[in-house]
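Asks: quick one: sequence and predicted model below, then my questions.
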Amino acid sequence: QVQLVESGGGLVQAGGSLRVSCAASGSIFSINAMGWYRQAPGKQRELVADITGGGSTNYVDSVKGRFTISRDNAKNTVYLQMSSLKPEDTAVYYCNVKVLVVRNREIRSLEVWGQGTLVTVSS
């Protein structure tokens, strides 16, 4: 079993900053990519940013220059620092982690989602 616990969402005014965190725990052999997705009301879930085990990052165009994704491998935690927030950033933010686990003496890949944390940006 692998669990993700997200924290840090909330209400912030436009132009403000917020950081969300996601900690993975459980029977993890190793963690590959970690990322953040978001889903606004009436819209499809979209990738916001992700980071590989080697530290390479990828961002959706709409957040480039404003959001920074990072990870602490010792804590199995991924962070998303959000700055210059806009009302259109309002969404439920979901953590996504791709891990390797041991099952029946075999290493298997597993994709795990967090429960989501709401970020609301007021104008």
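Replies: In hand now; what should we look at? Numbering: from 1, shown residues only.

Asks: now do the same contact list for residue 2.
Replies: When contacts are counted by CB atoms under 8 Å, 6 or more residues apart in numbering, residue 2 touches 24-28, 97, 99, 101, 110, 112. The way it works is simple: take the backbone N, C-alpha and C, and place the C-beta from them, glycine included.

Asks: among those, who's most crowded?
Replies: Within the contacts of residue 2, residue 97 tops the neighbour count with 24 neighbours, counted by other CB atoms under 10 Å.

Asks: grab the most central residue of the chain for me.
Replies: By CA atoms, centre = their mean, the mean C-alpha position of the chain lies nearest to residue 36, the distance being 2.8 Å.

Asks: nearest residue to residue 58 in space, please, no chain neighbours.
Replies: Of all residues not flanking residue 58 in the chain, residue 50 sits nearest, at 5.2 Å (CB to CB, 6 or more residues apart in numbering).

Asks: burial measure for residue 4, as a count.
Replies: Residue 4 is flanked by 22 other residues according to other CB under 10 Å.

Asks: ignore what I typed, I meant residue 115.
Replies: 12.

Asks: wasn't it part of a strand?
Replies: No - assessed with DSSP: H, G, I helix; E, B strand; the rest coil, residue 115 is coil; it does not lie in a strand.

Asks: need phi/psi at it.
Replies: phi -80, psi -10 (degrees, to the nearest 10).

Asks: the one 5 residues further on now?
Replies: Geometry field for residue 120 lists phi and psi as phi -120, psi 120, criterion degrees, to the nearest 10.

Asks: now do the lengthiest strand in the chain: which elements does it pack against?
Replies: For the chain, the strand that runs over the most residues, judged by DSSP state E, is strand 91-103. Contact here means 3 or more CB pairs under 8 Å, 6 or more residues apart in numbering; DSSP states H and E; on that basis strand 91-103 packs against strand 2-7, strand 18-26, strand 30-39, strand 77-82, strand 106-113, strand 117-122.
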